[in-house]
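> Structure of the sequence below:
(3 chains)
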Amino acid sequence: MKTPFSIGLVFAGLLILAIYLGSHQMRDFDPALKWYAVASVLGAFAVGYRFTVWAQRPPSRMYFKRGLELAWRYPWLLVKSGGQKMTAQTFIKERSYYRWIMHLCLSGGCTLTFVVTFPLVFGWIHFDVGNTAEIYQVKAFGAVVREFSVHSLEAKLMFNILNIAALFVLVGLLMAGWRRLTNAGVRAVQNFTEDIMPLLIIFAVTATGFMLTVSYSFLKGHGHGLLVWVHLFTVVVLIFYIPFGKLFHMFQRLCSVCVSLYKQAGEEGPQSGCVVCHDVFASQMHVDDLKNVLDQLGFNYRFATPKGEVHYQDICPKCRHRLLAVNQGKTLGR
Amino acid sequence: MAFLNLTEDEYIERYGPTPAYMSERDLEGEPDKLVKTHCCFCGVQCGIQLKVKENKIVGFEPWEEFPVNEGKLCPKGVKRYLQNGHPDRLTTPLMRSEDGFREAGWDEALSKTVSEIQRVQATYGRDAVAFLGGASMTNEKSYINGKFARVALGTRNIDYNGRLCMASAGAANKLAFGIDRSANPWKDIPKAKVLILAGTNIAECFPILTDYIWRARDNGAKIIVIDPRITPIARTADLFLPVRPGRDSALAHGILHMMIEWGWIDEDFIAAHTNDFDAVRELVKDYTPAHTEQITGVPAASIEQAAELWGTAETSMLLHARGIEHHTKGVENVLSYINLVLATGRIGKPGSGYGTLTGQGNGQGGREHGQRCNQLPGGRDINNPEHREHIANFWGIDETKLPREGLTACEIIDDIEMGEIKALISISFNPLVSIPDSARTRKALEKLEHFTAIDFFLSETAQYADVVLAGSLQEEDEGTVTTGEGRCVRLRPVVRPPAEARVDWHIIADLAQRLGAGRHFAHETAADIFEELTAVSAGGPVDYSGMSYERIENEMGIFWPCPAPNHPGTPRLFAGGRFAHPDGRAKFHAFPYRPPAEEVDAEYPIFFTSGRVVSQYLSGTQTRRIGMLVDQYPEPLCEIHPHLAERLGIADSDRVRVSTRRGQIEVPAQIVKTIRPDTVFIPYHWPGKKAANQITNRALDPISKIPEFKVCACKVEKAS
Amino acid sequence: MVAPIDQSELPLDNLEFFIDPSRCIGCQACVAACGECDTHRGIPMIHLDYVDRSTSVQTAPVVCMHCENPTCAMVCPADAIKQDDNGVVLSAAHSRCIGCSNCTLACPFGVPKQQIEMQLMMKCDLCYDRSSVGKKPMCAAVCPSQALHYGSRTKVEAHRGEVPCNKFQFGDQTVKTKVNMMTAHGLDTIPFDVADFMPQGNLAAFGRERIGSPDAAEDTVWEDLPA
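Okay, the predicted model is just below:
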């Protein structure tokens, strides 16, 4: 557990450094958002810690190790796979269109929010008044990257970007909630902490965020002071839930990019034929790597036979079914 | 003259078979109701609950409380719900047109049928119209079909497709026991210590009974399987007798020979409860193990082992099916096996007895209520003056108007071919697929002056029809069926027929009305028909008079005879060794073995046999339309032993041509060691060029008139 | 949807899964019914293969054995395979599974199925929607041959000719499972033999040892081949 702790510290340390440098030695840092920044730093530690614990497990380590090796061989695949799996998430479309749209709403909305809020919190981006009060400037790392009129459509979009993101998230949440309430199969398997809580947390963040808008746009700031703290609280909960709950899958998905590279390399390399039926059933690399992983996990599926050692990994799944029936039948003489 | 006016592909394109799969949309939300009913397929009639949503069946749920199958099902039962809401479903009447069929209104279609029937009968006589029914239909429909043919059509030519299934067993049961029903309920099977399974591929044709067989084996039972193929139940059998096709009666004689020799027969029982054993004793003297081995191909040692197991058993049951019945000596085969039961006296007791396994959904009930050419309701004999009088009086017609015995199903097809019968009404019967020598069946159909078919899908036979009337699926009507063990069970209405389709017996009643016999068919509900059929059965050999829908539902089925409302029904027959012949005794029959109608010779040196696969049912009209069942076994394969295959230069999956004196079929070879090397096997569920019945032999048993599906001579070649 | 089941009558812990491949008749009722289960509708999870159709009609039905220490879960790089409190090993969590096939290749029973396009492993979860409320899994509810049975251990022990066993010996690896497999009296572990299969992958090798039953691989059954 030493490594995960240190890696967590490194993540947190790097974030602090990035905030310090990115905000012009804190000059651009908005003190009103300081608690968000603190939570983010702690979150960075937790993500680093959790990620390392996970990535160190033999099977995950195997894929990351192979992924790093293979990334240089298939740079284009790396980009393509990253796009498909992390952004377009087309594999969810294959599971169902409903879920694909639902997930795109959720992940898209959340990502958009993060892209806006974290740089704001970290002081990397801030808004400034330009030459006239009618002109707004967007400053990133101190440099002006954009100017626009307060009356422009762009300004409206810019000021409401979080609300727009929240709308997407709400649609996703509604769809997810409906599915979790009505689909018999899903209802049977879901559990509260893993499947319901993340929806509730995201809902709480979204709802309180919306209420902030409602409060200063329509209610002349009524209740704004309290809402700020409530919203802060929900965000902190979300940040701390990420590394330890279902939402951690956004980081784990990284591994699926490694899997794409691994499969490509496997297909191009030597294949493993089943020692019983001789059919090819996997890449030799995969079979060999799995033998190592199994050894590291303390499993030993090796048979000592008069004809030499046989590893069960060298027998294809279909022949394992047949061996199961044959060996059981043998004990009964049928 | 009804020739097909579309190509095979065009018919398939328009009317299927289209394999149906479950639809995702049906899964959304909760079903409206669950209906307890029964499977529409084989004679086990498993209990099943169907999930209904908006008049569509969207799935099933096991019905574990129903005692026969306790929720268990075979794949056909699981997927049967997909026949509902099927794209091929006939939803309006069809009338023949220049390019196949056109949709028609009921009035037009029924008028056409009626006018054609009246024309044919006026020109050629009443018997020139034949009626062919089906044994998958309820007791109510079977009763109505028989009454319709005799009262409304006034033809003697009514028969049903049970002729291809249960006829040999039924006839033999009547001859031996004086009653046509399985002697024991299936719940006796687990109590038997020895089981003979003769010519019954239980695992594929009655899968649920496998459970009973294993329960018996858990109680220490030994099982003896007689079959030319190693079927799944034979694979683990204690003793397997690989009989050469067509030699079944010789094998039974050989076993009885050794039982007599070793003194393992019950002389007391024979003397007290049976007749004619001496002739049998004399007959089987010749069937020494060596001689029997020579005839049957079963090793002499195995025959002795079978005699020892069966002879010394404490309790026993003998079950058989089409394997011994589908022969020109089907009745003789069955009687020879019944001899084995009677000689031990092990019948009429818990765990001891006999049964024949019904292949069709209502194979039992379908033959009891007057749908057969020689039978009137209540299992009455159409040639018996008292029986005729009883029925005529009940129906309110003159006895002289009641037609006499007519032709059986295959004979009707023959007579159509010969030009004697000119018009046909058929319901739920697909003879083009199910009767041997399909080229002749096709020729016959082409000769019909008028053909009306009532069905829910356009079967291959119905393609020849002039009028097709859209009838009902099992789940669209209600009624009762009587299972292979003699248990009358209740089918509940599940959904309504779609669009313009109508419940079968409504169609029949409408036809009757138009033929001027409406007053005999004034039933409002299926229950009215049931009431009539139970009342008319009172006092007959097959007595249902104590049954009502309510009782059947409450008691999960009632075994006939049930002659009074307070009678519990009769699960086990022949208690105390009392049989149904007038003298109360059972009768032995001494039929010497005789060869099948067609023997192998130099030109056709290989035995051909046919049968079923687990995923298909009969002519496949329903099961060839259900996706998963099609995928499970998509097309017929020819099972060939590697020895034979090697001699013929055939490799696995090669296309082979199997020819007989009647025709040929080309299918892929399946090289397996699970069949006799002198025999090949092709299942029969497919039409056209894939029909095994292109090559089977239509030779009939002289008593039961069942065709010889199970053996003929063929040659096998690699197709180029 | 269906009549509520009185759970007090069907305590979950008393119902167990018992599988006896030697009783299987290969009818595929289980496969058909498996696809009707709500947690994976339309996609059957159970495996059913002929052992070797050319020599025998023997079939091999395989459901998830629900290992106590599941190899599939251990080799999963994404922590996608979870066990519930009763030891049921669930199908891969949709959000986590990355479709790498580790589980498919490592499972000693060959159970997990890959849905390549969906990037998802799916496997038998004992019909979680049914078994978690005291109903039988679909396959065991319909199996007509007793190859798949879900019920009380007491009854199975009282009625069956075989005994339930939940330990399997794969070479040096012992695997303990939640699902029981019927075997001979006196065995507390089902031994796996692979040696006979090695040279040419001929599954007929065991045929000769099936006692008293017709062994198709044994040609003497058919020695009366006509000239």
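
> For the chain, which residues score under the pLDDT cut-off?
Reading this off chain A. Along chain A, the parts satisfying pLDDT under 70 run over A:1.

> You answered for a different chain; I wanted chain C.
For chain C, applying pLDDT under 70 flags the ranges C:1-13, C:195-227.

> can you do 90?
Counting by pLDDT under 90, chain C shows low-confidence ranges at C:1-14, C:36-43, C:51-56, C:85-86, C:93-95, C:115-120, C:129, C:131-134, C:192-227.

> wait, does stretch B:685-695 contact chain C?
No - using C-beta under 8 Å from any C-beta of the partner chain as the criterion, no contacts between stretch B:685-695 and chain C are found, and the smallest distance is 15.4 Å. Placement of C-beta: from N, CA and C, glycine included.

> can you check stretch B:294-304 too?
Yes - part of stretch B:294-304 sits near chain C under the criterion C-beta under 8 Å from any C-beta, namely B:Gly297, B:Pro299.

> what comes into contact with that stretch?
Counting by C-beta atoms under 8 Å, 6 or more residues apart in numbering or on different chains, stretch B:294-304 makes contact with B:239-244, B:247, B:250-251, B:254-255, B:258, B:289-290, B:292-293, B:593, B:676, B:678, C:224, all of which sit outside it.

> likewise stretch A:219-233?
Residues external to stretch A:219-233 that are found in contact with it (C-beta under 8 Å, 6+ apart): A:Trp35, A:Tyr36, A:Val205, A:Thr208, A:Gly209, A:Met211, A:Leu212, A:Ser215, A:Tyr216.

> which SSE is the fourth one in?
Under the criterion DSSP states H and E, the helix or strand holding A:Thr208 is helix A:197-218.

> Now find how far off-centre that helix is within its chain.
Distance of helix A:197-218 from its chain centroid, counting by C-alpha atoms, centre = their mean, to the nearest Å, is 22 Å.

> likewise stretch C:28-44?
Taking C-alpha atoms, centre = their mean, the mean C-alpha location of stretch C:28-44 is offset from the chain mean by 14 Å.

> Looks to me like C:Leu48 is in a helix.
No - counting by DSSP: H, G, I helix; E, B strand; the rest coil, C:Leu48 is located in no helix; its state is strand.

> can I assume A:Phe114 sits in a strand?
No - with three-state DSSP as the criterion, A:Phe114 is helix rather than part of a strand.

> Roughly how far does it sit from B:Asp211?
When C-beta to C-beta, to the nearest Å is applied, the distance between A:Phe114 and B:Asp211 equals 59 Å.

> between these two, which one's more packed in?
Neighbours were counted for A:Phe114 and for B:Asp211 using other C-beta atoms under 10 Å in any protein chain shown; B:Asp211 has more, 22 against 11.

> and that one, what is it in contact with?
Under the criterion of C-beta under 8 Å, 6+ apart, the neighbours of B:Asp211 are B:Asn69, B:Lys72, C:Pro144, C:Ser145, C:Gln146.

> Tell me which helix or strand it sits in.
Since the elements are taken from DSSP H and E, B:Asp211 ends up inside helix B:209-218.

> In a markdown table, list the contacts of B:Asp211 along with secondary structure and distance to chain A.
As requested, those are exported to a markdown table (DSSP: H, G, I helix; E, B strand; the rest coil; distance: C-beta to the nearest C-beta, whole Å):
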| residue | secondary structure | distance to chain A |
| --- | --- | --- |
| B:Asn69 | coil | 24 |
| B:Lys72 | coil | 21 |
| C:Pro144 | coil | 18 |
| C:Ser145 | coil | 13 |
| C:Gln146 | coil | 13 |
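
> of the contacts of stretch A:219-233, closest to B:Gly557?
The shortest separation between B:Gly557 and any of the contacts of stretch A:219-233 is 61.1 Å, and it belongs to A:Val205 (by C-beta to C-beta).

> Ignoring the adjacent residues along the chain, who's closest to that closest one?
Counting by C-beta to C-beta, 6 or more residues apart in numbering or on different chains, the nearest residue to A:Val205 once its immediate chain neighbours are dropped is A:Thr234, at 4.6 Å.

> Could you say which helix or strand holds that neighbour?
Using DSSP H and E, A:Thr234 maps to helix A:224-244.

> Out of the contacts of stretch B:294-304, which sit inside strands?
Residues of the contacts of stretch B:294-304 located in strands (DSSP state E): B:Leu239, B:Phe240, B:Leu241.

> what sits against the first one?
The neighbours of B:Leu239, taking C-beta under 8 Å, 6+ apart as the test, are B:Lys222, B:Ile223, B:Ile224, B:Val225, B:Ser302, B:Gln305, B:Ala306, B:Leu309, C:Gly212.

> Of those residues, just the buried ones, ChimeraX syntax please.
Here is the ChimeraX command that selects only those of these that count as buried (16 or more other C-beta atoms under 10 Å in any protein chain shown):
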select /B:222,223,224,225,302,305,306,309
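
> Can you give me the neighbour number for B:Asp268?
Neighbour count for B:Asp268, taken as other C-beta under 10 Å: 9.

> That one reaches B:Gly345, doesn't it?
Yes - under the criterion of C-beta atoms under 8 Å, B:Asp268 makes contact with B:Gly345 at 7.3 Å.

> burial measure for B:Val280, as a count.
As a burial measure, B:Val280 scores 23 neighbours (other C-beta under 10 Å).

> is it true that it touches B:Leu340?
No - using C-beta under 8 Å, B:Val280 is not in contact with B:Leu340; the gap is 10.1 Å.

> what is in contact with these two at once?
Overlap between the neighbourhoods of B:Val280 and B:Leu340 consists of B:Leu256, taking contacts as C-beta under 8 Å, 6+ apart.

> ok so, going back, check contacts around the residue nearest to A:Val205.
Contacts for A:Thr234 were tallied using C-beta under 8 Å, 6+ apart; they are A:Ile201, A:Ala204, A:Val205, A:Thr208.
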